[in-house]
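**Q** the following block contains a protein sequence and its predicted model.
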2 protein chains.
Amino acid sequence: MPVNGMSIIAGRASTDTAAPFHSLNPATGEGSRHAYHAASSAEVDVAARAAADSFDEYAAHPSESKAAFLERCASEIASLGDDLVEMACWETGLAGPRIAGERDRTVNQFRFFAAMVRDGGWVEAVIDRGDPTRKPMPRPDLRRMLRPLGPVAVFGASNFPLAYSAGGGDTASALAAGCPVVVKGHPSHPGTGEMVAWAIARAAGECGLPGGVYGYLHAGGMREFDVGRELITHPGVRAAGFTGSPSGGMSLANLGASRPDPIPVFSEMGSVNPVFVLPGAATADGEAIAAKLHASVTNSTGQMCTCPGLVFVARSSSSEAFVRSLGARIDATASSVMLSPRIRDAYLRRVGEMATAAGVGVAVVGEGLGSSRGEVAASGVLARPSMLTTTFEAFVRDRTLREECFGPSIVVVWCDEAEQFIEAARAIDGSLTGTIWADAGSEPDRVLAGRLTTALERKAGRLIFNGVPTGVEVVGAMVHGGPFPATNQPQTSAVGTLAVRRWCRPVCFQNYPGDLLPTELADGNPGRITRMEDGRLVVP
Amino acid sequence: MPVNGMSIIAGRASTDTAAPFHSLNPATGEGSRHAYHAASSAEVDVAARAAADSFDEYAAHPSESKAAFLERCASEIASLGDDLVEMACWETGLAGPRIAGERDRTVNQFRFFAAMVRDGGWVEAVIDRGDPTRKPMPRPDLRRMLRPLGPVAVFGASNFPLAYSAGGGDTASALAAGCPVVVKGHPSHPGTGEMVAWAIARAAGECGLPGGVYGYLHAGGMREFDVGRELITHPGVRAAGFTGSPSGGMSLANLGASRPDPIPVFSEMGSVNPVFVLPGAATADGEAIAAKLHASVTNSTGQMCTCPGLVFVARSSSSEAFVRSLGARIDATASSVMLSPRIRDAYLRRVGEMATAAGVGVAVVGEGLGSSRGEVAASGVLARPSMLTTTFEAFVRDRTLREECFGPSIVVVWCDEAEQFIEAARAIDGSLTGTIWADAGSEPDRVLAGRLTTALERKAGRLIFNGVPTGVEVVGAMVHGGPFPATNQPQTSAVGTLAVRRWCRPVCFQNYPGDLLPTELADGNPGRITRMEDGRLVVP
């Protein structure tokens, strides 16, 4: 049996509670054979203390040692093979190829951060040498670099059981920064979480790291929320990362902010991911855009942070054809599995809220919407995609149409003219992405795309041109973030090189003797890293 | 007359309130001849709207144009000449040379950011080109850079009427980022603020920028707190910077966080700036350290963010000599002027709180402590420095000894042995600085300094070796920040290159056509900036 239902603290299985919870296969309605044991308050405390106690030792390990650990995490997760894919599919109802792809991304993400740590430039070393002859006062020697904050609490997402969970981007980037990690496991995929957690715990052991560098706490049943609350308010925890709903994210951010010693909480939350189809594009490519947008909306039953939830069109016969095509494709889509009854019910409720708003027309709402709430049919937690239509005026007037609906839903906003796209972009809330479809050959499209880019740039972390927002590359240039409510900290990204910065702060060393300086700041650049020296970039 | 007592909104003098307030010369107790008019709610609204309306235009200006504006700000402030120095001395009681030095720093700070903007590398451009042949999905072209957040509200500090005020570091870095600025003027130096504000407003006009790019709102009397509250909760404001007390800073941070659309508030607050004098250093250099520490404690009547408030010594005859010397120097220091009756009273109250804590000995407490609260003597708002002594046990036990006392006060913490320094460092709260004095020739000092560096690094933004914490250089390597309560956002710095990052967030452009990309991200690098291309650093 690949899992035993226990938390992992300081490298060992731990349980001291008798309150078990079970996971659910949303595709079949079947419950897990074995029980998971939520961590007790005492276990949360032990795990956070173990992380805090291991911090100095782990942080002091050289870059090469941290990089080797991250690579070992990658290979240990990869070697879980089909067992991991099967477990994740069972717990989430997501398709095998999707989970296999997510597994590869998760593994590659560890390797990405390993390469970053080995390169070393991420610490942003800056050296400004002193000038003892300066008048009236000598100028001191100043050297700064990023240093880790301390133990990080990671709250995984329901919709990415691998890439945003026990061994997801927050975990990999925090470990890369030099921070121990304690994961609050997601109750929907405890088996997947535990398997990945054991892989990381094994990697830590094989690399000779202290066990406290990584902990995994099961959280479910009566203790689903307590484990997270206890973790984020624990004195040993210095930062936290969360991916999920706005209410959950803000609740954790507020807990972090109201501690006697406030800590940063990075929450990635709700995103509507608006799409603007400019008139020229609707005419030239309407059918192709409809096909791509449909695939993006229904990808993984719409359970993607970057699922497009709004599409803006200006009235024309081309736009009408585009919307008809999109509607027909959505109407022809079979129902598919959602992650959990809770998520399915929230989806149904949100579609219902939007559908009953004034000025909203129901274009396509799949059967089953409005029914079977709270229940799991014999055939599983199913939902069909939906498409609603509304006017620019109703969209601007009614807040509910501007809020995320997590699931395979899209709202078509009919504008009287494309000029209203600018106003619409100003009316939307912050979002992870903003998308513009424009016809390269159309001068009016290009001009409007430029103005719309300026407006959308204020609202989104990533702007997509003639593409779909789903699909997040793990590369240095990626930004997976955005203004509230997409995140509570728009200065960061949850994916890519920038992700590591969340777990660090800059420290400056003034007139420090060479033997007490970190390698990255020492004269002669023994770490051979790219750094700024006296205003000049030095590339080894 | 250099000032007219009115706010500056969109480049013009503005007043619509009849509630005047006066400034005070703390050296003489004299009130200002003319009245200042606090901004009304309507004026706050107009100023914030003007800033929001000017944002797109200002942000779109090329780097060269923003750099020229910043340089013009520098020369306009410099050309205020002795009038500005006289006004600032009159309003703060700070000495002429100190104010002249601060003026030079303020002017140079604008030039520093102008050079940074012209260099262009600060936008952190990263380009990862696509791969249309990748399977199963093509890899998109992704390019990111920092983009400005929008209008920034700046709350100036009482203790730096130039370098952290109307035209201080927050203003200069926000303007450098491409953000319009609205300043809430400090009630203690409204004349200084208004003079600097006019210099910046003139610079904006001369550079052909929209008037809304910079606004200055007088705040005092009944409206002292309302102006700031209205500003930080205004929908047009996207971020804020504050320097001052922990209560003020956290109150603004909470206002920013509880908006319907939370905004980041960067508060620099209280700092105790601990100093550790290691046994070898006490023996080898005790007298010299005492002299330097005394100068640092009494610099500007102790009214520096980095004033050393705690000094740790281990019992020995050398340490006793060091402490005696420090005490004698403090005892021999004449009283000097503090910034305002409010600050002087707070200083007296805090010294009193600490002096009456259990286990605290009063080594030197200047006459006048405990008297004349709330009053301004004919001879001005005077205070004398103080030195208290306590034990390691009392320090760890009593929170009041670990909190900032703003003013010329230092608490000597007697440790039984130097080993307790590590525990002491772990017990202190976050601080802007941490200082270690060690004898380079003493092996025990060097070993302890290494361990103490690790412990202090977790608590401070800047570590100083054999020096004093006062004195903040405006260079790239500077970190003026630190864990709570030194700041509420330890990932940043209020001084140096990092300061600009507070006012930006990264934006990624996916598959964008070249003519719609910002210059910084375009192929061929037309802006000739340092950037990362396909994982390789490109230096033009």
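**A** In hand now; what should we look at? Numbers count the residues shown, from 1 in each chain, chains lettered A, B, ... in the order given.
**Q** just the strands in the stretch 251-400 of chain A please.
**A** A:265-268, A:274-277, A:310-314, A:336-337, A:360-365, A:382-383, A:386-391 (DSSP state E, counting those that start in this stretch).
**Q** comparing the ones you listed, which gets the lowest mean pLDDT score?
**A** With a mean of 80, strand A:360-365 has the lowest mean pLDDT of the strands of the stretch 251-400 of chain A.
**Q** can you mark which positions in that one are buried?
**A** Under the neighbour-count criterion of 16 or more other CB atoms under 10 Å in any protein chain shown, strand A:360-365 has A:360, A:363-365 buried. Just so you know, the C-beta spots here come from the backbone N, C-alpha and C atoms, and that holds for glycine as well.
**Q** what's the answer for stretch A:431-442, then?
**A** A:431-439, A:442.
**Q** give the contact list for A:G120.
**A** The contact partners of A:G120, by CB atoms under 8 Å, 6 or more residues apart in numbering or on different chains, come to A:63, A:520, A:527-530.
**Q** go again with 6 Å.
**A** A:63, A:527, A:529 (CB atoms under 6 Å, 6 or more residues apart in numbering or on different chains).
**Q** so the last one makes contact with A:W122?
**A** Translated: A:I529. No: between A:I529 and A:W122 there is no contact under CB atoms under 6 Å: 8.8 Å.
**Q** and which of the buried residues of strand A:360-365 is nearest to chain B?
**A** Among the buried residues of strand A:360-365, A:V360 lies closest to chain B (CB to the nearest CB), at 22.9 Å.
**Q** nearest spatial neighbour of the closest one, skipping sequence neighbours?
**A** Leaving aside its chain neighbours, A:V360 sits nearest to A:T390 (4.6 Å; criterion: CB to CB, 6 or more residues apart in numbering or on different chains).
**Q** okay, now that neighbour: neighbour count?
**A** The tally of other residues near A:T390 (other CB atoms under 10 Å in any protein chain shown) stands at 23.
**Q** low-confidence ranges, chain A, go.
**A** In the predicted model, chain A carries pLDDT under 70 at residues A:1, A:17-18, A:366-379.
**Q** how is it divided into domains?
**A** Annotated domains of chain A cover A:34-269+A:491-502, A:274-465 [automatic domain parsing].
**Q** closest one to B:I127 among those domains?
**A** domain A:34-269+A:491-502 (12.7 Å; CB to CB).
**Q** the closest one: end-to-end distance?
**A** End-to-end distance for domain A:34-269+A:491-502, by CA to CA, to the nearest Å: 37 Å.
**Q** on that earlier part again, which residues touch the residue nearest to A:V360?
**A** A:359-360, A:401, A:413.
**Q** just grab the bridge partners of it for me.
**A** Note on A:T390: beta-bridge partners by DSSP bridges are A:V360, A:V413.
**Q** can you tell me how far it sits from chain B?
**A** Distance, A:T390 to chain B, by CB to the nearest CB, to the nearest Å: 22 Å.
**Q** just A:M250 next, same as before
**A** Note on A:M250: its distance to chain B, by CB to the nearest CB, is 8 Å.
**Q** now check the longest helix along chain A, is it near chain B?
**A** In chain A, taking DSSP state H as the definition, the longest helix is helix A:96-119. No: judged by CB under 6 Å from any CB of the partner chain, helix A:96-119 stays clear of chain B, getting no closer than 8.2 Å.
**Q** interface residues of the stretch 51-200 of chain A facing chain B?
**A** So far as CB under 6 Å from any CB goes, the stretch 51-200 of chain A lies against chain B at A:126, A:128, A:142-144.
**Q** state the number of residues packed around the nearest residue to A:G185 once chain neighbours are set aside.
**A** Nearest non-adjacent residue to A:G185, counting by CB to CB, 6+ apart: A:G193, 4.2 Å away. Residues near A:G193, counting by other CB under 10 Å, number 33.
**Q** surely A:G193 is in contact with A:A166?
**A** Yes: the pair A:G193 / A:A166 is scored as a contact, 4.2 Å apart, by CB under 6 Å.
**Q** distance of A:P518 from A:A199?
**A** When distance is defined by CB to CB, to the nearest Å, A:P518 is 30 Å away from A:A199.
**Q** same question for A:G169.
**A** From A:G169 over to A:A199 (counting by CB to CB), the distance is 16 Å.
**Q** ok, the two, which is more surrounded?
**A** A:G169 (31 against 23).
**Q** residues contacting the more buried one?
**A** Contacts here follow CB under 6 Å, 6+ apart; on that basis A:G169 touches A:109, A:494-495, A:499.
**Q** ok so the residue nearest to A:G185 is a strand residue?
**A** No: looking at A:G193 with DSSP: H, G, I helix; E, B strand; the rest coil, it is helix, so not inside a strand.
**Q** now A:V495: closest residue in space that isn't a chain neighbour?
**A** Leaving aside its chain neighbours, A:V495 sits nearest to A:H480 (3.8 Å; criterion: CB to CB, 6+ apart).
**Q** residues from the stretch 351-500 of chain A in reach of chain B?
**A** So far as CB under 6 Å from any CB goes, the stretch 351-500 of chain A lies against chain B at A:450, A:453, A:457, A:462-465, A:467, A:475-479, A:484, A:490-491.
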